[in-house]
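*Asks:* Starting from these lines, generate the structure:
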Amino acid sequence: MGYAVREYVTEDEPSWLRCRVLSFLGTALFDNVLPAKPKVSGAELVAVDGEVVVGILDLAVDGELASIETIAVHPDHQHRGIGGALLSHARTRARDLGATTLDAWTRDDPPTLRWYRAMGFSESEHYVHVIADHYSSAEEPARAVVPRPGLRTVRAFLHADLADEARLRREFARVHVCRRFAMSLRGELAGGGDDVDHRAVAQDGHRQR
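*Replies:* Predicted structure coming up:
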């Protein structure tokens with residue numbers, strides 16, 4: 001079946017959430033689960049196959065900067081150019097809203113990084129995400145933070161400088177490099193994304209959750 005890109009409507013929410021969860025499962029964002037769709041300031045786009053949401057892209061616009069908040073393609077519908085089609089629509093919307101730069105923050109999943117590069121984004125800033133979780137090791141949370149009296153830390157999400165990556169990887173099981181990708185909206189889209197293994201990324205506009 002074919003698909004169409006259109007504006008998100010409220011009735012899409014259950015299908016939108018399923019698409020996001022399933023696309024994230026095979027990535028470094030497997031536990032980034034939302035109970036409801038967040039609102040964004042720029043554009044809310046979906047790719048649909050019939051009535052089913054198979055791709056999503058949320059765009060936040062702040063002056064001349066447009067940021068991809070969430071982009072995801074359902075795992076059963078990848079490798080069909082859906083990510084590239086969503087991006088093309090998002091670029092047009094961002095330009096119409098006055099943005100001159102489009103960016104995104106994402107973690108270090110190789111398929112996602114390949115997709116951004118294939119789409120013409122340039123990589124720039126980096127920092128480190130550390131998830132200290134007692135499920136990985138009972139001692140990890142205590143190594144990451146000092147708990148208050150009467151409280152026991154079981155999970156912590158922390159940011160760190162890229163220079164500390166090697167040391168942190170020795171101390172914690174789950175460490176990710178968070179990367180910023182950006183492109184000028186004055187150029188042409190590099191490609192359609194049909195042959196790129198696009199999975200999922202999620203951002204909060206400037207620094208990834």
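*Asks:* Who does residue 182 form a beta bridge with?
*Replies:* Going by DSSP bridges, residue 182 is paired in beta bridges with residue 103, residue 122.
*Asks:* does it really touch residue 103, like I thought?
*Replies:* Yes - taking contacts as Cβ atoms under 8 Å, residue 182 lies within contact range of residue 103: 3.9 Å. (C-beta placed from N, C-alpha, C; glycine too.)
*Asks:* Quickly list what's touching both of these two.
*Replies:* Applying Cβ atoms under 8 Å, 6 or more residues apart in numbering, one finds that residue 182 and residue 103 are jointly contacted by residue 121.
*Asks:* Contacts for stretch 151-168 next, please.
*Replies:* 126-134, 141-142, 144-145, 147, 175, 177-178, 207.
*Asks:* Show me what counts as buried in that stretch.
*Replies:* 153, 156, 160, 165, 168 (16 or more other Cβ atoms under 10 Å).
*Asks:* and what of stretch 9-19?
*Replies:* So, applying 16+ other Cβ under 10 Å, buried residues of stretch 9-19: 12, 15-17, 19.
*Asks:* Keep only those of those residues that are in helices.
*Replies:* 15-17, 19 (DSSP state H).
*Asks:* now, among these, which is nearest to residue 39?
*Replies:* Set against residue 39, the nearest of those by Cβ to Cβ is residue 16 (12.5 Å).
*Asks:* picking up where we left off before, list the ones among the contacts of stretch 151-168 that fall in strands.
*Replies:* 126-133, 175, 177-178 (DSSP state E).
*Asks:* Got a PyMOL select line for the buried ones in the residues you listed?
*Replies:* In PyMOL, this line selects whichever of the ones in strands among the contacts of stretch 151-168 come out buried by 16+ other Cβ under 10 Å:
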select buried, resi 127+128+129+130+131+132+133+175+178
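*Asks:* nearest to residue 40, of the ones in strands among the contacts of stretch 151-168?
*Replies:* residue 178 (19.8 Å).
*Asks:* before we move on, the earlier item: how about the buried residues of stretch 151-168, which pair is most distant?
*Replies:* Spatial extent of the buried residues of stretch 151-168 (Cβ to Cβ) is set by the pair 153 and 165 at 22.2 Å.
*Asks:* Okay, and the beta partners of the nearest residue to residue 160 once chain neighbours are set aside?
*Replies:* Spatial nearest neighbour of residue 160, excluding adjacent residues (Cβ to Cβ, 6 or more residues apart in numbering): residue 128 at 4.3 Å. Counting by DSSP bridges, residue 128 is bridged to residue 160, residue 177.
*Asks:* does residue 128 really touch residue 177, like I thought?
*Replies:* Yes - if you go by Cβ under 8 Å, residue 128 and residue 177 touch, sitting 6.0 Å apart.
*Asks:* mind listing what's buried in the host helix or strand of residue 86?
*Replies:* Assigned by DSSP states H and E, residue 86 belongs to helix 82-96. Using 16+ other Cβ under 10 Å as the test for burial, helix 82-96 gives 82-91, 93-94.
*Asks:* Which strands and helices lie in contact with that helix?
*Replies:* strand 4-7, strand 43-49, strand 52-62, strand 65-73, strand 101-106 (3 or more Cβ pairs under 8 Å, 6 or more residues apart in numbering; DSSP states H and E).
*Asks:* got TSV for those strands, with distance to residue 122 too?
*Replies:* Shown next, in TSV, are the helices and strands packed on helix 82-96 (distance: least, Cβ to Cβ, whole Å):
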stretch	distance to residue 122
strand 4-7	25
strand 43-49	22
strand 52-62	19
strand 65-73	14
strand 101-106	10
